[in-house]
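Engineer: What follows is a protein structure lacking sequence information:
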């Protein structure tokens, strides 16, 4: 495998695992895709560097595939507790530097964290929270939770901010947010670190980083 970029292993090729594999392939990363179901393997074969039918609970099979050489492994079988546990333990024993695992509930998440997963996600829960925040705040275009404390949010500039300079708005002091960039319309190039004298125009899209607690407190300011 090339040492110039990260290599990934996707263990479990359901909708979640297949989606990750396809997305990574768009960036030309090397991907090992594994599932015990040959139908799933065949479906993802064109997107993976190496698509293999194997049992992820069998450490010898994983070793023979070369999983120990990848930089990141994703355990995408979140609804199969025993398979996921064995896969995470095998990846740890093989020395994989970073393990991300999918969990279907909080109990699974706690177990995966205890046995060595570096990060555990609950996609349905995280997406549900993300959609809810977008529904609540009509000005939100997109939102990415960095962690439990901070989010990066793209918002349409509230009317109360238009025709005012960033300096006069003093968003950091007044709202606890920092402007990372501004774009005039969807898909347009993002202008990073705008000048303090920049005047907000109607429908400007602002990329901001916000403390979640502050963001919730001042959520009304993100609505028209």
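Structural biologist: Yep, that arrived. Computed from a predicted model, the values in this text were never measured in an experiment.
Engineer: following the worst-scoring helix or strand of the chain on mean pLDDT, which helix or strand comes up?
Structural biologist: Of all helical and strand segments in the chain, the minimum by mean pLDDT, DSSP states H and E falls on strand 140-145, at a mean of 55. Sequence-wise, the next helix or strand downstream of strand 140-145 (DSSP states H and E) is strand 150-156.
Engineer: Give me the buried positions along that following strand.
Structural biologist: By neighbour count on 16 or more other C-beta atoms under 10 Å, the buried set for strand 150-156 is 150-151, 153-156. (Glycine included, C-beta is placed from N, CA and C.)
Engineer: and it, what does it pack onto?
Structural biologist: If you count contacts as 3 or more C-beta pairs under 8 Å, 6 or more residues apart in numbering; DSSP states H and E, strand 150-156 packs onto strand 140-145, strand 205-211, helix 212-217.
Engineer: I'd like the next helix or strand past it.
Structural biologist: helix 166-169.
Engineer: Show me what counts as buried in that following helix.
Structural biologist: Using 16+ other C-beta under 10 Å as the test for burial, helix 166-169 gives 166, 169.
Engineer: Equivalent analysis for stretch 173-189, please.
Structural biologist: So for stretch 173-189, counting by 16+ other C-beta under 10 Å, buried means 175, 177, 179-180, 182-183.
Engineer: and those as TSV, adding distance to residue 121 and pLDDT?
Structural biologist: Formatted as TSV, these follow (distance: C-beta to C-beta, whole Å; pLDDT from 0 to 100):
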residue	distance to residue 121	pLDDT
175	29	79
177	25	82
179	28	86
180	24	84
182	30	90
183	28	86
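Engineer: what's the closest of those residues to residue 167?
Structural biologist: Set against residue 167, the nearest of the buried residues of stretch 173-189 by C-beta to C-beta is residue 179 (11.1 Å).
Engineer: Just list whatever residues bridge to the closest one.
Structural biologist: Taking DSSP bridges as the rule, residue 179 bridges to residue 208.
Engineer: pretty sure it is in contact with residue 194, am I right?
Structural biologist: Yes - using C-beta atoms under 8 Å, residue 179 is in contact with residue 194, at 6.2 Å.
Engineer: where do the contact lists of these two overlap?
Structural biologist: Shared contacts of residue 179 and residue 194 (C-beta atoms under 8 Å, 6 or more residues apart in numbering): residue 166.
Engineer: mind listing the helices for the protein?
Structural biologist: Along the chain, counting by DSSP state H, helices occupy 15-26, 38-44, 59-65, 81-93, 106-114, 123-136, 166-169, 171-175, 212-217.
Engineer: And residue 170, how far from residue 199?
Structural biologist: Counting by C-beta to C-beta, to the nearest Å, the gap from residue 170 to residue 199 is 14 Å.
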